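Peer 1: Let me see the structure of the following:
(2 chains)
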Amino acid sequence: MPIRRRLAVCLVASSLALPTLAQTVSTGPSIPETTSAINSPTPLSQRVVAYDIDAKYDAKAHSLDATETLTYHNLTGQSLDTFPFHLYLNGFQPKSTWVREAKLSGSRDTSFEKWESNDYGADEIKSFEVVGKGDFTSRLQYIHPDDDNQDDRTVFQVHLDQPISPGGFVQFKIRFHDQFPRTVARTGWDGDFLLAGQWFPKIGVWWHGAWNCHQFHAETEFFADFGVYDVRLTAPQSEVVGASGVEVGSVNNRDGTKTVTYHGDDIHDFAWTVSPRYKVFNDTFQSSMGPVKLRFLMQPAHWNQVDRHDRILKATMDRFERWYGPYPYKTLTLVDPYPDSAASGMEYPTFITGGTPWLALKGSLDEPEETVVHEFGHQYWYGMVATNEFEDPWLDEGIDMYSQFKVMDSLYGPETSFLNLWGMTAGQREFRRLGYLRVADLDPITRKGWQYASEHSYVGIVYDKTPTVLLTLESIIGEDTLGQAMRTYFMRYRFTHPGGEDFLKTIEEVSGKDLRWYFDQTIYGTQVLDDEVVNISSIPMNWYKENPGEKKGEEFTSAVWIHNKGEFILPVDIEIKFDNGEKVRERWNGRDRWIKYSYQKMAKIESVEVDPDHKIAFDRNNFNNSRTAKPNGAAASKLANYWIFLAQFFAQFLAWWMV
Amino acid sequence: MNGKIRLVSAGAGIANGNKRYVVWFYLLNLALAWFGTMAFSRQAHAILDSSLYSDKLLHGFDVAVLNELLTRPEFGVRAGATAPALMFAVLFFLATLLFMPGVLLGYASDHGLPREEFFRACGRNLGRFVRLFLFFAIIAGLASAILFGVLGVLVKAAESSLYERLPFFTQLLGTTVIFVVLTAIRIWFDLAQIDVVLRDQRAVRKSVTAGFRSPQFNLVRLLGSYVVISLLALAVLVAGILLWHAIVPPASVLGAFIISQAMLLLLLAARFWQRATAVAFYLRAAAEPVDETQPVPRIAASSVPQVGSGI
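Peer 2: Down below sits the predicted model:
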């Protein structure tokens, strides 16, 4: 063949080969751009991860064997050669950091009075392959970024010989075996029920220029990147299965098992549950982005409460949509967990657990309602605005608690009580305030989750102080303005990982006010507010004459003394009522230790009240916020009457049985 | 059933004929409780009287506000408020122990018991009643420990069942059984007390034996009577609370006081009704003749059984 012809043939052949080559390059690892699990034509997040998991559950042993293929997209802008992973289930071992902290300082879940074999949980790596680079099983290294506990195995890292370049992909293939503990910290089994949370090796998050992959602590939750999940769960055919994402298929296998396939888009976690006794109820909610399939998995004894769960869930979804923004996923699963298990009240993307007793008297105790509202709220504060639950627990739990108050007020009236029985009420705001005041001066809101002084402080500050701070903020910038700020915050930061300053700056931006003085005290500080009406007095001008003050038309000089007993500086309103019906309002900036007001009027002071509109939600002592000129013993007499009744009843009961 | 009704009505007749005992005990109960709760009352007044926030306890009843009050440093140590109430409850128990012999003697008499005889019976039988109480405490304590222990095991086993309501029903049934058993023990010692008083029995052990044997043939009747009266007392308690909530305005201290005291008076009357029923039963079943040499209260001849009637 002449050379020119050969050259031409080569050129043609190579040009034909190029697309093939290009195809070969483009069929490397990638993150799917699927949208079948969301009501959106395009992905909603910057997808960093894609998990593809095949898992087989052994119901008798409460264990699981699985293979996970994790594709990671390096969007950090730097080359990466080290990758840390969470193995949360390893936290439920006697020497782990989680258990050690629970034993030493308590936890919301258990303090492990006695270790039993059922308490043991594990996530054991059987093999770890970096696709294209070989087996790295023997090169896994457990690390302890938060403490020196060499026995803690909740974080490991792998170091690659060749870094992954910015924009590149790396794929890990991990075989692992899970042993689920008896339910603890909202994961595990109880009876024939399993809730599988934090059950697979999960890669850390590159955040603020470094890996953020904390050990599992007794008072921390989780943090992960957005991505795509494809999970195939194999379980006995008798099991009813529920999971995050949408169910895309179910196949019965010959060995008596079935494989149910789920797919999730733009989520950062995946949880699932099985029980042979779930009763299933399906409904649909029409969100602004499209229909959302609601799936309720109820315990048989609670089946009569399914309508209650359905109503409150839809009402809550409606409010969140209107107030903050759309719910974009095609599904939401609500699980009613095994009774008295530690699996109630938890959130995962598109999957929440409630919890209710079989005797939940509607109107007397709003237990299922409160839990459902709170856990759905996490779909926004945590699920979509995916804050770092290790370092900023207040940004999801605290903000969600505030949202919960607003939803409950909207549905049941202002200042909702969760108890309404025989004339007794129990205001949820009051209890949150009391929870905060018990630990008021221990920790700032911005403390990292595992660094709080105690479990009580963690709960009191994160769950109780945050909503009271936000409620009081309403009085400074207005309820509507704060609502607008929350909406802006959600719409701006959904599907990202914002920090505390992002939230605070959004509020300042929307309100147009400099609120640093407030945030420095409430968010970053531990100052406590305690305003007190120390004294009120009115004396007749002619006090030196016989029978002063008894004639009509007498003039009085009156004085009011207000004292700031705490360290918190907050401008407050003060209302002074006179016995002729007149009211005077003063505004005090609270900067000095005390202030006195004097008046000369044809009337005496009847009462004085700090914050008469009751907008301040975190004063240390509400009893000293007001003072009346004339004492009214009715309330104390009522209480004394109750106490006498109880004392008499007890005495009679003792005598009845013992004599 | 007719026998049970006759027994219950006989007891009601006796108790009704001696209403003054119920009234005295009620007044004693009220007086002791009043003293016992003074510390609490004083502390509550100090914080609430001049505060507008107390309105949340007066108009309505916010448990959170109550919780805040009780945890205020100014309120003082909670024991300072609760301990006196408990102490006075124990005093009432001791007073009941002291005066019950006089009451039982009064129930057994077919005439109004003179004050001297009442107090003489109280004084003579105080030591015996203390010993009887100790016997009762040991036996009832052992029975309670065993029964509650078994119940605890059963409830724990029920909790591992997949049927969620099983623990609740197990607890309910078990508590009912325990109540019946403890009531039977209470009957035993009520009859022993009556025997000690009416037979002027110094050897308390003999009365304990007598009390154990006497209801054997009629335990169902007497137990049924006690249970019926207890259920009526429970009904009074529940109805009283519901009435309290329904008709007494939240801010009405007087209304709440009247209803609560009426409930307590009726509850006390129910216990005295039981004691009177036991006396009626004892008198019908009494077997041993009266010893002429010992001073005994006059009892209606028709109610004294003949020798050898089986006690």
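Peer 1: Give me the distance between the most centrally placed residue in chain A and chain B.
Peer 2: The residue lying closest to the centre of chain A (C-alpha atoms, centre = their mean) is residue A:397, at 3.0 Å. Separation of residue A:397 from chain B (C-beta to the nearest C-beta, to the nearest Å): 20 Å. In this view, the C-beta of every residue, glycine as well, is placed from N, C-alpha and C.
Peer 1: pretty sure that residue is in a strand, no?
Peer 2: No. Applying DSSP: H, G, I helix; E, B strand; the rest coil, one finds residue A:397 to be helix, outside a strand.
Peer 1: List the residues that contact it.
Peer 2: Neighbouring residues of residue A:397 by C-beta atoms under 8 Å, 6 or more residues apart in numbering or on different chains: A:462-463, A:466.
Peer 1: Now, these that are in helices?
Peer 2: residue A:466 (DSSP state H).
Peer 1: Now for the closest residue to residue B:87 other than its chain neighbours, how many residues are close by?
Peer 2: If the residues on either side of it in the chain are set aside, residue B:87 comes closest to residue B:36, at 6.5 Å by C-beta to C-beta, 6 or more residues apart in numbering or on different chains. If you count neighbours by other C-beta atoms under 10 Å in any protein chain shown, residue B:36 ends up with 27.
Peer 1: Surely residue B:36 touches residue B:82?
Peer 2: No. Contact criterion C-beta atoms under 8 Å: residue B:36 and residue B:82 do not qualify, at 9.3 Å.
Peer 1: Show me where the chain has its helices.
Peer 2: Since you didn't name a chain, this refers to chain A. Using DSSP H, the helices assigned to chain A run over residues A:3-26, A:97-105, A:306-323, A:367-377, A:393, A:399-412, A:428-437, A:455-458, A:466-477, A:479-493, A:500-511, A:516-522, A:634-658.
Peer 1: wrong one, I was asking about chain B
Peer 2: Using DSSP H, helices in chain B cover B:2-17, B:19-36, B:38-48, B:55-58, B:63-71, B:78-108, B:115-159, B:166-198, B:204-213, B:219-247, B:253-285.
Peer 1: what mean pLDDT does the shortest one have?
Peer 2: Within the predicted structure, the mean pLDDT of helix B:55-58 is 92.
Peer 1: is that helix anywhere near chain A?
Peer 2: Yes. Residues of helix B:55-58 contacting chain A under C-beta under 8 Å from any C-beta of the partner chain: B:55, B:57-58.
Peer 1: do the third one as well
Peer 2: Yes. With C-beta under 8 Å from any C-beta as the measure, helix B:38-48 is seen reaching chain A through B:40-41, B:44-45, B:47-48.
Peer 1: Enumerate the positions of that helix that are buried.
Peer 2: For helix B:38-48, burial by neighbour count (16 or more other C-beta atoms under 10 Å in any protein chain shown) applies to B:38-41, B:43-45, B:47-48.
Peer 1: How many neighbouring residues does residue A:592 have?
Peer 2: Counted with other C-beta under 10 Å, residue A:592 comes out at 11.
Peer 1: Ok, the one 10 residues further on next?
Peer 2: The local packing count at residue A:602 equals 14, with neighbours defined by other C-beta under 10 Å.
Peer 1: still on that earlier bit, redo the helices of chain A as a markdown table? Include mean pLDDT and distance to residue A:275.
Peer 2: Output for the helices of chain A, formatted as a markdown table (pLDDT from 0 to 100; distance: least, C-beta to C-beta, whole Å):
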| stretch | mean pLDDT | distance to residue A:275 |
| --- | --- | --- |
| helix A:3-26 | 48 | 43 |
| helix A:97-105 | 91 | 26 |
| helix A:306-323 | 97 | 15 |
| helix A:367-377 | 93 | 18 |
| helix A:393 | 98 | 30 |
| helix A:399-412 | 95 | 27 |
| helix A:428-437 | 90 | 31 |
| helix A:455-458 | 94 | 30 |
| helix A:466-477 | 96 | 33 |
| helix A:479-493 | 98 | 34 |
| helix A:500-511 | 98 | 38 |
| helix A:516-522 | 98 | 43 |
| helix A:634-658 | 93 | 43 |
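Peer 1: just these: most buried one?
Peer 2: helix A:393 (a mean of 27; mean count of other C-beta atoms under 10 Å in any protein chain shown).
Peer 1: Which strands and helices lie in contact with it?
Peer 2: Helices and strands touching helix A:393, as assessed by 3 or more C-beta pairs under 8 Å, 6 or more residues apart in numbering or on different chains; DSSP states H and E, are absent.
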